[in-house]
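Next input, structure requested:
(chains A and B)
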Amino acid sequence: MLSFLLVVLLQTLLILALSPLIDNLASKVKAVFQSRQGPPLFQPYYDLWKHFRKAPVVSHRTSWVFRIAPYVSFAGFLAAAEFVPIAAAHPPLSFGGDFFAVIMLFTVAHVFIALAALDASSSFGGLGSSRDITLAALAEPGLVLTVFTLAVAYGATTLGDVTDQVLLLGTRAITPTHLLLFGAVFMLTIAESGRIPIDNPATHLELTMVHEAQILEYSGKDLAVIQWGLHVKELALVAILTNVFFPWGIASGGLPTLASVLIFVGKAVLAIMLIATVESFTAKWRIFRLLEYMTIAFILAFFALLSIFILGA
Amino acid sequence: MMRPLLLAAATLAAASLTLPWLIKRHAATLGYGLAAIASLAIAALGAALVLTGDALTIPLPTSLPNVTLSLHADPLTGIFLIILGVGGCAVSLYATSYVQRAHADHMSLPAQTTFYTLFLAAILLVFLANDAVVFLIAWESMSILSYLLILTHEQDDDTRDAANMYLLMMHIGTAFLFVSFAALAAASGGTYSFDAMRAHARDAPEYLRSIAFVGALVGFGTKAGLVPLHGWLPRAHPAAPSHVSALMSGVMLKTAVYMMIRVGIDFLGRGPAWWGLTLLALGGITTFVGILYATAENDIKRLLAYSSVENLGVIFMGLGLALLFVSYDQPLLATLPLIAAVLHSLNHMTMKTLLFLGAGSVHHATGTRDINKLGGLIHQMPYTAGLVLLGSLAISALPPLNGFVSEWLLFQSLLAGVTIPGTPLILQIFLPVGAGLFALAGAISVVCFVKAFGVTFLATPRTSEAEHAHESPRTMLLGMGILATGIILIASMAGLVIRTLHQTLAPLLGADPNADLVTGGLVVQSLTTIKASMSPTLVFFIVLLFALLAWLGTRFLGSRERARKEETWLCGHRNVTPRMEYTSTSYAEATRMFFSGLYGPHKETTRDEKAPTIPSRITYATRTTYFLEEYAYAPITRLILLTSMRFRAVQAGSIHAYLSYIFATLLLVLLWATR
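Numbers count the residues shown, from 1 in each chain, chains lettered A, B, ... in the order given. The predicted model follows:
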């Protein structure tokens, strides 16, 4: 029991410690594309520390929902990350939730941020809240169809078991189904992490903001908690993208090894380079065209499903 | 133990029917208070039935020859008795102070409590009926009593229209039930007893069974608000006083679910695949249509009513899948969607009853149901806000709450359908795509309830009514608190609940009740070949734990300074007014735009212009097209009106004419009988 709790603690600390770094890699890669130097590698840690030591300034119009939202959204993202294979295939708590649970825990976090955004009575908050929740809703069919197709292809909705199955198949796992699904998950990862062409994390222009508009009222340690939660989400997304589709190098049990952590960081760098490439070479889409984007992801997942039946039969 | 409980409930109900007439000063307290205790006894009876797994039969005295009537309750009934008991108890407690505060009543208080208690009794009788005659009497009484209850507080034209439409639809539905039970009776040797139907309906000819199934589907589907038979629901449920709306949505709709399980699974057993598919498809369409209209709605009670349509669709999807799996000879697999459906019924009772009661509190505190005119209520009504937030999160199927558990089970059931060997390819594609759309409906319900809660309770009040709202009295909060406790209990002990449901429901399908669905009381494992596990209890506690740790961490390790209060930042604008906030309409605008093909939105903007560039006044109106009502209901209504015009000639209003009609009918019947 005690050793179990110790492993849980270790896993949680790994997630918390690694997540700001992974998130910062994207900014770094993007900076390189733009011939800039970019932020220092450990900049997010400094930022978190800076915010953490500052008292928040809150709008006098807000209520307790605004006060608890950072913590609930943080808890939602962290709980979701506990179910995702990061450096080991079966993290200690992974029996407690599958891919569906991960998706829905992300939604919990979204909902609390969206509610807090409404709480401050500003138009920005309402705008971001309405857009963010609606976009998350549009991404849902594609996500769920992906989970379905993964389950039909690899016989599990728990992410660790999918990883095992892909490892077992080895190079035979690289089928059209696999690649189509990777395409779908890649598109949805971009959508979920609020990057171009869905949302621009660097913008503060009201016409284009989605996520940033929601957290405009947060400052100080509240902002630190929200940001850290977002880092954790980013880590979980990258881990799903890399470990579910290319699990090689992951520790097979529940305990991560130093090598598996380093391999994961390496895989994450590659995945983030891919994401950052897309981000650097596309423009942000008009918001009402995003239905098309989500439909493409859905159709990719659907083709993946069809390919199982066509190739399997 | 069970008989005394039923007897106690009956005695308390009798007291609740008589005492308010004798002591009129305390009519509401006595009438509703006693009904609450009676409901508690019913809930205890239900729990006893479920936990012991026994059945209870009570013979009824009858003066008809060759007819034996009885009441019967088995563990399945027990589950629904818990739904009735807990829902009834919470609503009755709420009503003790809610109704006293009501103004402009059209019915004396004792009459109101009498109809209310009779309504609860009619629902109880529906659950306990053991033959078609008692059942139909109870079913009709339930409809008529709820019709009367709708009209207790307001009797304007809209309310009357809604109530009349409700009554009409219920009668059409009941007509189909007559057909269904006639077919079942024919299939089981001419008796109307449910025992005979259970014993013989499985071996009857296919056409009789299908008639019985379709009749039941239309009849109970009307009650449940299945699309396209849903038109009455979003009108009738909001028109009633809020405690009655809560009871109608939270409890009464479940009678349709209960009877659909009885007839579709218990009596008819294994049917052709198209039964399940029809139910599944109708359930899916209902889910989608329900939530789309709920999201566009600005009237809080209509929004909740549309959401009820959605949730009943989810439940019927579960039933459809169960029927489908049974038809593919997979009884073990069929338990999964059946558990999902029944658990969702239980969950929906807790969430929707809570939300309707919350809407009632809001309506009382502000006098309006229009979300656009509310806002900021969390400051005046903190407890109500907290309870409604919990209900909203639960009904959006968010972990760690109970709505998520049933939705997760339903997803796993849809997935299980793909793995059955021998399912046609078309189904293997249809089910996942259906699941994707179901996920979309679930996600839109998140939009809907973030909007409903956020715009109503958060931000700055938009009108002076909202500004001067007041918190509800304690009994009303207590009623809602019971339901909130239910949500948390089911969520934190979901493994236990699912195991109990499994043991209760598996025998209905002829499946092994001890199969390994829940291991260790924690992890819900799928029965299929697909590896899936989820522990609602673990999710519940780690989310709480992480939130708490994060809070403690920032409190003790982060800045120790107190938060500074400032004005909301609006690009340096100092005059922040409520007019700058997002309203219900604007919040749903993104959804309306994305799905404009389904909403058919109309916008009208008129500008009064002094000069070409300076408008003095702009009015803006937006409206949703209800395609079904405009293109399906309206032609039918016109047809009926036209036909009744033709029949007007027969209705001369002269008693002689009517007497001759009766005589002619009698003659025809006699001729037919002696042919």
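
looking at the chain, which helix or strand is least sure?
This is for chain A. helix A:211-214 (a mean of 85; mean pLDDT, DSSP states H and E).

actually chain B
One helix or strand of chain B scores below all others by mean pLDDT, DSSP H and E: strand B:518-519, with a mean of 68.

so how many other residues sit close to the closest residue to A:Phe124 other than its chain neighbours?
Nearest residue to A:Phe124, sequence neighbours excluded (Cβ to Cβ, 6 or more residues apart in numbering or on different chains): A:Ala213, at 4.5 Å. Heads up, the C-betas are built off the backbone N, CA and C, glycines and all. Neighbourhood size, A:Ala213 [other Cβ atoms under 10 Å in any protein chain shown]: 26.

which helices and strands sit right next to the helix or strand following the least confident helix or strand of chain A?
Heading C-terminal from helix A:211-214, the first helix or strand you meet, by DSSP states H and E, is helix A:220-239. Packing partners of helix A:220-239 (3 or more Cβ pairs under 8 Å, 6 or more residues apart in numbering or on different chains; DSSP states H and E): helix A:2-33, helix A:43-52, helix A:64-82, helix A:99-119, helix A:176-192, helix A:258-281, helix B:536-556.

Do the fourth one and chain B come into contact?
Okay, so that is helix A:99-119. Yes. Applying Cβ under 8 Å from any Cβ of the partner chain, one finds helix A:99-119 in contact with chain B at A:Phe100, A:Ala101, A:Met104, A:Leu105, A:Thr107, A:Val108, A:His110, A:Val111, A:Ala114, A:Leu115, A:Leu118, A:Asp119.

Likewise for the second one?
Yes. Between helix A:43-52 and chain B, judged by Cβ under 8 Å from any Cβ, the touching residues are A:Phe52.

Can you list the buried residues in that helix?
For helix A:43-52, burial by neighbour count (16 or more other Cβ atoms under 10 Å in any protein chain shown) applies to A:Pro44, A:Asp47, A:Leu48, A:His51, A:Phe52.

how far away is whichever residue of the stretch 51-200 of chain A sits closest to chain B from A:Arg53?
As assessed by Cβ to the nearest Cβ, chain B sits closest to A:Gly126 within the stretch 51-200 of chain A, at 2.5 Å. According to Cβ to Cβ, to the nearest Å, A:Gly126 and A:Arg53 sit 31 Å apart.

Compare those two (neighbour count), which wins?
Ranked by neighbour count (other Cβ under 10 Å), A:Gly126 and A:Arg53 place A:Gly126 first, with 27 against 15.

Just confirm that one contacts B:Tyr582, I think it does.
Yes. Contact criterion Cβ atoms under 8 Å: A:Gly126 and B:Tyr582 qualify, at 2.5 Å.

what sits in contact with each of those two?
Listed as contacting both A:Gly126 and B:Tyr582 by Cβ atoms under 8 Å, 6 or more residues apart in numbering or on different chains are A:Leu118.

Count the residues that sit near residue 68.
Using chain A here. 16.

if you could check chain B rather than the one you did, that'd help
Neighbours of B:Thr68 (other Cβ under 10 Å): 13.

Kindly report the same for B:Leu346.
Other residues close to B:Leu346 by other Cβ under 10 Å number 22.

quick one: what helix or strand has it in it?
helix B:331-366.

average pLDDT for the next helix or strand after that helix?
Where DSSP H and E defines the elements, the next helix or strand beyond helix B:331-366 is helix B:377-380. Averaged across helix B:377-380, the pLDDT comes to 91.

Kindly report the same for stretch B:14-24.
On average, stretch B:14-24 scores 86.

Which of the residues in that stretch are classified as buried?
For stretch B:14-24, a neighbour-count test (16+ other Cβ under 10 Å) marks B:Ala15, B:Ser16, B:Leu17, B:Leu19, B:Pro20, B:Trp21 as buried.

How about the secondary structure of the first one?
With DSSP: H, G, I helix; E, B strand; the rest coil as the basis, B:Ala15 sits in helix.

Test my guess that it contacts B:Leu34.
Yes. With contact defined as Cβ under 8 Å, B:Ala15 counts as touching B:Leu34 (5.1 Å).

Enumerate every residue touching the residue nearest to A:Phe124.
Shown in contact with A:Ala213 (Cβ under 8 Å, 6+ apart): A:Ala117, A:Phe124, A:Gly125, A:Leu127, A:Gly128, A:Ser129, A:Arg131, A:Glu206.

Also B:Ile37?
By Cβ under 8 Å, 6+ apart, the neighbours of B:Ile37 are B:Leu12, B:Cys89.

if I look at it, how far off is A:Ile113?
43 Å.

burial count for B:Leu374?
27.

So the closest residue to B:Glu567 other than its chain neighbours, which state does it fall into?
If the residues on either side of it in the chain are set aside, B:Glu567 comes closest to B:Val576, at 6.1 Å by Cβ to Cβ, 6+ apart. Assigned by three-state DSSP, the conformation of B:Val576 is coil.

which one of the buried residues of stretch B:14-24 sits closest to chain A?
Nearest to chain A, judged by Cβ to the nearest Cβ, of these is B:Ser16 at 38.6 Å.

which stretch of helix or strand covers the residue nearest to the closest one when sequence neighbours are not counted?
Using Cβ to Cβ, 6+ apart and skipping the chain neighbours, the partner closest in space to B:Ser16 is B:Leu34 (3.5 Å). In the assignment (DSSP H and E), B:Leu34 maps to helix B:27-52.

Which SSE is immediately downstream of that helix?
With elements assigned by DSSP H and E, the helix or strand that comes after helix B:27-52 is strand B:56-60.

what pairs with that following strand, and is each one parallel or antiparallel?
Each strand paired with strand B:56-60, and its direction, by DSSP bridges: strand B:69-73 (antiparallel).

Let me see the mean pLDDT of the partner strand.
Mean predicted confidence for strand B:69-73 is 88.

That strand vs helix B:27-52, what angle?
70 degrees (axes from the mean of the first three to the mean of the last three Cα atoms, to 10 degrees).

what distance separates strand B:69-73 from the centre of its chain?
Averaging C-alpha positions (Cα atoms, centre = their mean, to the nearest Å) puts strand B:69-73 25 Å from its chain's average.

Just the CA atoms of that strand, as CSV, please.
Taking C-alpha atoms only, strand B:69-73 is exported to CSV below (Å, rounded to 0.1, in the frame of the first residue of the first chain):
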residue,chain,number,x,y,z
LEU,B,69,-56.5,-8.7,-9.5
SER,B,70,-53.3,-8.2,-7.6
LEU,B,71,-50.5,-5.8,-6.9
HIS,B,72,-47.0,-7.0,-7.5
ALA,B,73,-43.5,-5.7,-6.9
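
Contacts made by it with the rest, please.
Here strand B:69-73 has contacts from B:2, B:45, B:49, B:55-60, B:62, B:81, B:125, B:127-131, B:133-134, B:194-195, using Cβ under 8 Å, 6+ apart.

Make a ChimeraX selection of the buried ones in the residues you listed.
A single ChimeraX command selects the buried members of these (16+ other Cβ under 10 Å):
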select /B:2,45,49,56,81,125,127,128,129,130,131,133,134,194
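
Which secondary structure element is home to B:Thr295?
Element membership for B:Thr295 (DSSP H and E) is helix B:273-296.

That helix packs against which elements?
Counting by 3+ Cβ pairs under 8 Å, 6+ apart, helix B:273-296 packs on helix B:206-224, helix B:300-327, helix B:425-457, helix B:584-594, helix B:596-599.

Which parts of that helix count as buried, going by neighbours?
So helix B:273-296, judged by 16+ other Cβ under 10 Å, has buried residues B:273, B:275-296.

Just give the nearest non-adjacent residue to the spatially most central residue of chain B, would you?
By Cα atoms, centre = their mean, chain B has its centre lying nearest to B:Ser249, at 3.9 Å. Spatial nearest neighbour of B:Ser249, excluding adjacent residues (Cβ to Cβ, 6+ apart): B:Ser308 at 4.4 Å.

how close does that neighbour sit to B:Tyr147?
According to Cβ to Cβ, B:Ser308 stands 18 Å off from B:Tyr147.
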